[in-house]
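[1] Sequence and predicted structure are below.
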Amino acid sequence: MGIILDSINSPEDVKKLPKHKLSTLTEEIREFIIDTTSKTGGHLAPNLGVVELTIALHRVFKTPADKFVWDVGHQSYIHKLLTGRRDSFDTLRQLDGLSGFPKVTESDHDHFNTGHSSTSISAALGMALSRDIKKERNKVVAVIGDGALTGGMAFEALNHCGHKQNTDLTVVLNDNEMSIGENVGGLSSYLSRVRTDPKYTKTKEDIEFILKKVPAIGGPLFRSLDRVKDSLKYMLVAGLLFEELGFTYLGPIDGHDFNKLEEVLKQAKKTSGPVLVHVITKKGKGFSPAEKTPDKFHGVSPFDKTTGIPLAKKKKTFTDGFSEALCDLAKLDEKIVAISAAMTSGTGLSKFATKYPQRFFDVGIAEQHAVTMAAGLAADGLKPVFAVYSTFLQRGYDQVLHDVCLQNLPVVFAIDRAGIVGADGETHQGIYDISFLSHIPNLKIIAPKDEKELKDSLFTAFELKCPVAIRYPKDTLPVTDKKENKYNKLPLGKGNALTTGDDIIIISSGATTNNCLKAAEMLKNKEIYATVLHLPFIKPLDDDILCKYIKENSKVLIVEEHTAIGGLTSLIAALLASKNIKANVNSIALPDEFIPQGSRSEIIERYGLGCDDIYDSAKKIVIKENSYENKKKVGSITS
Ligand SMILES: Cc1ncc(C[n+]2csc(CCOP(=O)(O)OP(=O)(O)O)c2C)c(N)n1
Ligand SMILES: CC(=O)[C@@H](O)[C@H](O)COP(=O)(O)O
Ligand SMILES: [Mg+2]
């Protein structure tokens, strides 16, 4: 640990630090973050880019009285280091450890939990309006990246800020030209023009200075030539887009220059109304592998500190299987197009984007737009696939219902990270999509358990010519032995009895079935025989097979890595109720609480979803039921 960093236990210590020590502090912080994330994993590049910015923010503003809202919040490690959490940093993103995102339960200096993008300006405006109603005087600052600014919510909030021009609020735009990958869109190009083109760096004062120097027409003409000034201003003044929205625009400034940062942040602090400070930073600054490829170091798993090379060997994942299948099928059908919402690499679309650049669209962090654009593509005869994390699809719920399913359009939703995601924790768990999708008419939901079923699911989705969601976890892909490139259409809504046994019926879908099969093997060794019903289709549910196996008093165990409310448990319970089948139905599912961070295996174990837990639960159900049956028999004999 660095000597100076070691002396920082609160933002007050940062304020007191003499300026000449700041550069040493930044070096120590960068070294500390590289060291920590090399062991725990985390969002390395985003944090390396905001070291000076975060220090300057804490030197100019005074938290916890002043309030910071960190957009996405993946870049809040330095904020945490400076607000008394340095000594627990080795627990970053670990089970029961420090979160990788702001958490109000962790510190008074965290005022709003984030994790999903583009929420900071809305939340900050809410806090500013509340402050004014309560006649308080604290400052509110939203820190938002150029990627997050491509999110629709951010524009909604910017628009509203412009309406509330007497509400003091500072928005710090951390512009590093990167989302996870390259940033996209018109706004991003505008920002790069403002960043790079000298004529865009003129401030309004410079313009007025130039015009006033013009002989004879300078002063008086300048005043009267408002239109000229406005059009010149329109052309030349940086950040006019924001000015027109009602902000005072300050910048662009070097986000690694302390003097400039403190000067402009102080100016922002004393400026009334909404202010936007445009800060230019380098994502991954101070660690050359991250500087060279910031996209690869956006979110890292443990890595070698000298080379940046990941320590763990890459295994084939469900994402890889999806990527392969999509490229295979796209080769045969040029109507297949793919969409990403700023998650090209994470959702496995990089290969498709390279092979079929004309048929790939990265829309930025704009899931709502992605869904309805997919609807438009489908309405016009193409076959769009929107690859999206389960948690981020939550953003596009209404569009799925209203724009895709109501019109029964053939859009395929490749839902990645469906289930427990691990280190990202509560804000990123993919455990609600069955609940928010299964009630929508026309939509089919498929959950494949292995490579063959995953590839057949995608093939089937295109064949069904209706809205289809395929959900799969952040996990290693169980590959099928024989290599065959043939794709088969899955029988719609059909489940399979993978094992048969009279003692208990274990029901699951997707990758969870693999743990159920292992548990059934373990039960067999105890002479308990289970029927494992695998349901690749969650919707439509296979009523026939369920009603074929589940009779009066059948012992049933439903297992799902999803919330029980609105999940498979609810769907099967509703079916049995509708058929008036009174069985002994049990379930292992996620409870009605937010699921914390930790590795996937730790959380799966904590919530009883591992094969040992399934084995234990099934055994208890059978033994308990048998002893109850025996008691009943004994009771009937003795009575
Ligand atoms: C709604 C939503 N979609 C996608 C993501 C995934 N995501 C996390 S950070 C990020 C890029 C953010 O870029 P930027 O705001 O520029 O921050 P930087 O990493 O460059 O500091 C994305 C797409 C998210 N957190 N929320
Ligand atoms: C901060 C954020 O939302 C993303 O960076 C997310 O953490 C990516 O998740 P994966 O690491 O599972 O791709
Ligand atoms: Mg960025």
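    Cool, got the structure. Everything quoted here is computed from the prediction, not taken from an experiment. Ligands and ions are numbered 1, 2, ... in the order given.

[2] Report the contact partners of Lys269.
    Contacts for Lys269 were tallied using CB atoms under 8 Å, 6 or more residues apart in numbering; they are 60-61, 139, 170. For the C-beta atoms, the positions are set from N, CA and C on the backbone; glycine is no exception.

[3] same check, this time on Ser435
    Here Ser435 is in contact with 562-563, 565-567, 570 (CB under 8 Å, 6+ apart).

[4] For the residues you listed, which entry has the maximal number of neighbours?
    Neighbour tally across the contacts of Ser435 (other CB atoms under 10 Å): the maximum, 31 neighbours, falls on His562.

[5] Make sure that one is indeed in a strand.
    Yes - applying DSSP: H, G, I helix; E, B strand; the rest coil, one finds His562 inside a strand.

[6] Tell me if I'm right that it and Pro591 touch.
    No - at 11.3 Å, His562 does not count as touching Pro591 under the criterion of CB atoms under 8 Å.

[7] returning to what we had before: between the contacts of Lys269, which is closest to ligand 1?
    Distance to ligand 1, by CB to the nearest ligand atom, is smallest for Thr170 among the contacts of Lys269, at 16.9 Å.

[8] Longest helix in this protein, please.
    If each helix of the chain is counted by residues according to DSSP state H, the longest one is helix 611-638.

[9] got the buried residues for that one?
    By 16 or more other CB atoms under 10 Å, the buried positions in helix 611-638 come out as 611, 613-615, 617-619, 621-622, 625.

[10] same question, stretch 287-298
    287, 289-291, 294-298.

[11] Relative to Pro64, how far out is Asp108?
    Remark: distance between Asp108 and Pro64 (CB to CB, to the nearest Å) = 4 Å.

[12] Could you check which of the two is surrounded by more residues?
    Each of Asp108 and Pro64 has its neighbours counted (other CB under 10 Å); Pro64 has more, 14 against 11.

[13] Check the contact between the more buried one and Gly84; I expect there is one.
    No - the criterion here is CB under 8 Å, and Pro64 misses it with Gly84 at 10.9 Å.

[14] In space, what's closest to Lys305 - neighbours in sequence excluded?
    Ser38 (4.5 Å; CB to CB, 6 or more residues apart in numbering).

[15] before we move on, what SS does whichever residue of the stretch 251-400 of the chain sits closest to ligand 2 have?
    Of all residues in the stretch 251-400 of the chain, Gly346 sits closest to ligand 2, at 3.8 Å by CB to the nearest ligand atom. Of the three states, Gly346 takes coil under three-state DSSP.

[16] pretty sure it is touching Gly181, no?
    No - taking CB under 8 Å as the definition, Gly346 is not a contact partner of Gly181, at 9.4 Å.

[17] ok, Ile309 to ligand 3 distance?
    Separation of Ile309 from ligand 3 (CB to the ion, to the nearest Å) stands at 24 Å.

[18] Which positions in the stretch 451-600 of the chain make contact with ligand 3?
    Neighbours of ligand 3 within the stretch 451-600 of the chain, by CB under 5 Å from the ion: none found.

[19] A strand includes Val172, no?
    Yes - counting by three-state DSSP, one finds Val172 located in a strand.

[20] Do you know the pLDDT at it?
    Val172 is assigned 98 on the pLDDT scale.

[21] quick one: contacts for it?
    Shown in contact with Val172 (CB under 8 Å, 6+ apart): 53, 57, 141-144, 265, 276-277, 279.

[22] Please report the distance of it from Leu276.
    8 Å.

[23] Could you list the low-confidence segments of the stretch 201-350 of the chain?
    When residues are selected by pLDDT under 70, those of the stretch 201-350 of the chain lie in 201-212, 214-238.

[24] Over to the stretch 351-500 of the chain?
    481, 483-484.

[25] Tell me where it has strands.
    If DSSP state E, counting those that start in this stretch is used as the criterion, the strands of the stretch 351-500 of the chain fall at 360-362, 383-389, 412-416, 444-446, 468-471, 496-499.
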